[in-house]
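Asker: Whatever this is, show me its structure:
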Amino acid sequence: MNTRRILAAAALCVLAAEAAGEFHFTVTADMRSYHSSFDAVAQSINNDVGGPGAFHVSPGDIDGTIADNRAVIDARFGPSAVWYPLVGNHETETAADMTWVRDEYNSGNGARTPLKTYTNQDGPAGAVETTFSWDYGNAHFISLNEYYNGVSDVGTDGDVVPALYDWLAADLAANQRPFVFVFGHEPAYPENRHVGDSLDKYPARRDAFWALLEAQGVQAYFCGHTHYYSKHRNAGGTVWQFDAGNAGNGAIDDGLTYLDVVVGPTEARVNVYRDKPTGTFALADSVTVLGLVVPGDANGDGAVDVGDLGILGAHYGQSGVTWAEGDFTAEGNVDVGDLGVLGAHYGAGAGGSPVPEPASVLVLAVLATAVGRSRRRAPRG
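Answerer: All right, here's what the predicted structure looks like:
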């Protein structure tokens with residue numbers, strides 16, 4: 001069999017497989033009733049990062065009224081834009097706001113596709129519509145209502161109570177995707193404002209919550225509440241906390257902020273855009289986080305399968321390549337060593353088995369044999 005044909009056939013696997021490519025999503029917090037300021041933020045999202053991306057997330061304090069903030073999204077991003085509005089402390093103060101949030105999940109408030117259409121895990125009893133998770137691409141996303149007390153979704157002042165912790169632990173344990181992003185209104189480690197009355201008000205439960213995120217390989221926790229942008233990572237830890245600042249009150253001395261999160265096969269970039277100090281939005285910070293990848297998983301979808309074999313085959317023998325192109329040994333080229341890594345882990349991840357099926361073994365063997373023969377042939381003079 002001709003080596004070139006084998007590699008071409010392997011490359012076709014890339015087209016056949018539903019490989020997870022790069023995507024982005026955006027985050028704004030605490031816009032409240034400052035609709036004109038939020039409109040300026042949304043306009044910058046369109047102009048500077050190409051729109052909201054796969055979806056837009058707001059970790060709380062979107063009140064006054066929420067429908068008016070949704071109107072900004074409709075005008076700037078389009079009426080079909082997917083927006084995940086989380087519960088903040090101000091939503092819990094107004095029955096109408098909580099009704100809007102619950103109805104957005106259940107019915108799209110009669111105007112959009114219900115959010116529950118996109119989710120794969122409802123929250124615990126008493127917070128079904130305000131705590132949930134969903135998958136997109138190679139990432140898992142979790143929305144937490146930190147005002148849930150185990151019975152009511154407006155029952156506490158900002159905490160990760162045992163019922164919420166247990167639900168989160170079970171959801172994280174079931175996840176098989178390499179990237180995990182968690183959203184909640186209150187910071188675990190606040191700066192500038194609300195120090196001592198955020199999740200840190202209950203330090204033992206805060207610490208247990210953070211230890212769970214670390215243990216389950218969460219890349220980032222996104223929050224708001226303080227109205228100031230900040231980032232935090234514990235010494236020796238891997239989980240980043242990003243306080244998204246505020247996207248409404250432009251009079252605050254920290255200005256307006258939004259986050260654009262770009263997720264690739266093996267790493268994600270959290271890009272921070274702010275309008276201070278110039279009054280014009282610009283990239284102010286960028287943090288790269290690494291996904292928990294399975295060896296041989298070139299496309300970052302959490303499994304080693306025919307799609308990854310196709311990617312490796314398409315780049316076999318090339319140099320100057322990356323993990324996403326089949327260089328699993330970080331040597332800068334794709335060769336038999338990378339094929340060995342893929343073969344050893346074929347079938348691993350995403351509910352698969354580390355032991356390849358006979359047909360898969362045959363494909364790997366044929367590819368390896370064909371490449372080996374082509375290398376042993378002496379060039380014609």
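Asker: Need phi/psi at the closest residue to Asn234 other than its chain neighbours.
Answerer: For Asn234, ignoring the flanking residues on the chain, the nearest one in space by CB to CB, 6 or more residues apart in numbering is Trp210 at 7.2 Å. Quick note: C-beta positions are derived from backbone N, CA and C, even for glycine. Note on Trp210: backbone dihedrals following degrees, to the nearest 10 are phi -70, psi -40.
Asker: Report pLDDT for Trp210.
Answerer: Looking at Trp210, its pLDDT stands at 97.
Asker: just Asp253 next, same as before
Answerer: In this model, Asp253 carries a pLDDT of 84.
Asker: Shouldn't it be within a strand?
Answerer: No. Assigned with DSSP: H, G, I helix; E, B strand; the rest coil, Asp253 falls outside any strand and is coil.
Asker: measure it to His227 for me?
Answerer: 10 Å (CB to CB, to the nearest Å).
Asker: same thing with Ser33?
Answerer: Distance, Ser33 to His227, by CB to CB: 14 Å.
Asker: Which one of those two is surrounded by more residues?
Answerer: Shown here are Ser33 and His227; by other CB atoms under 10 Å, His227 has more neighbours (23 against 17).
Asker: quick one: Phe181 and Phe222 touch, right?
Answerer: Yes. Phe181 is within contact range of Phe222, at 6.7 Å (criterion: CB atoms under 8 Å).
Asker: Contacts only, for Ser107.
Answerer: Pro114 (CB atoms under 8 Å, 6 or more residues apart in numbering).
Asker: so how far is the helix or strand harbouring it from its chain's centroid?
Answerer: In this assignment (DSSP states H and E), Ser107 forms part of helix 95-107. With CA atoms, centre = their mean, to the nearest Å as the basis, helix 95-107 stands 24 Å off its chain's centre.
Asker: now do stretch 25-44
Answerer: Chain-centre distance of stretch 25-44: 20 Å, with CA atoms, centre = their mean.
Asker: Now do the buried residues in that stretch.
Answerer: Judged by neighbour count (16 or more other CB atoms under 10 Å), stretch 25-44 contains these buried residues: 25-35, 37-42, 44.
Asker: So which of those sit within helices?
Answerer: Judged by DSSP state H, the buried residues of stretch 25-44 include His35, Ser37, Phe38, Asp39, Ala40, Val41, Ala42, Ser44 as members of helices.
Asker: Can you name the residues that contact Ile327?
Answerer: Quick fix: residue 327 reads Asp, not Ile. Per CB under 8 Å, 6+ apart, neighbours of Asp327: His315, Val321, Asn333, Val334, Asp338.
Asker: change it to 6 Å
Answerer: Counting by CB atoms under 6 Å, 6 or more residues apart in numbering, Asp327 makes contact with Val321, Val334, Asp338.
Asker: Out of these, which sit inside helices?
Answerer: Asp338.
Asker: Please, where are all the helices along the stretch 1-150 of the chain?
Answerer: For the stretch 1-150 of the chain, applying DSSP state H, counting those that start in this stretch gives helices covering 3-16, 35-49, 66-77, 95-107.
Asker: Take those helices and lay them out in TSV including mean pLDDT and distance to Leu168.
Answerer: Compiled in TSV, the helices of the stretch 1-150 of the chain are given as follows (pLDDT from 0 to 100; distance: least, CB to CB, whole Å):
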stretch	mean pLDDT	distance to Leu168
helix 3-16	38	35
helix 35-49	97	29
helix 66-77	97	25
helix 95-107	97	18
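Asker: Among these, which comes closest to Asn271?
Answerer: Comparing the helices of the stretch 1-150 of the chain by their distance to Asn271 (CB to CB), the top pick is helix 35-49, with 7.3 Å.
Asker: quick one: Ala139 and Val263 touch, right?
Answerer: Yes. Counting by CB atoms under 6 Å, Ala139 does reach Val263; the two are 5.4 Å apart.
Asker: quick revisit: so which of the helices of the stretch 1-150 of the chain is nearest Val270?
Answerer: For Val270, the closest of the helices of the stretch 1-150 of the chain is helix 35-49, at 12.1 Å, according to CB to CB.
Asker: what's next to that closest one, contact-wise?
Answerer: Defining contact as CB under 6 Å, 6+ apart, one finds that helix 35-49 is touched by 26, 28, 31, 52, 68, 72, 76, 247-248, 250, 256, 258, 260, 281.
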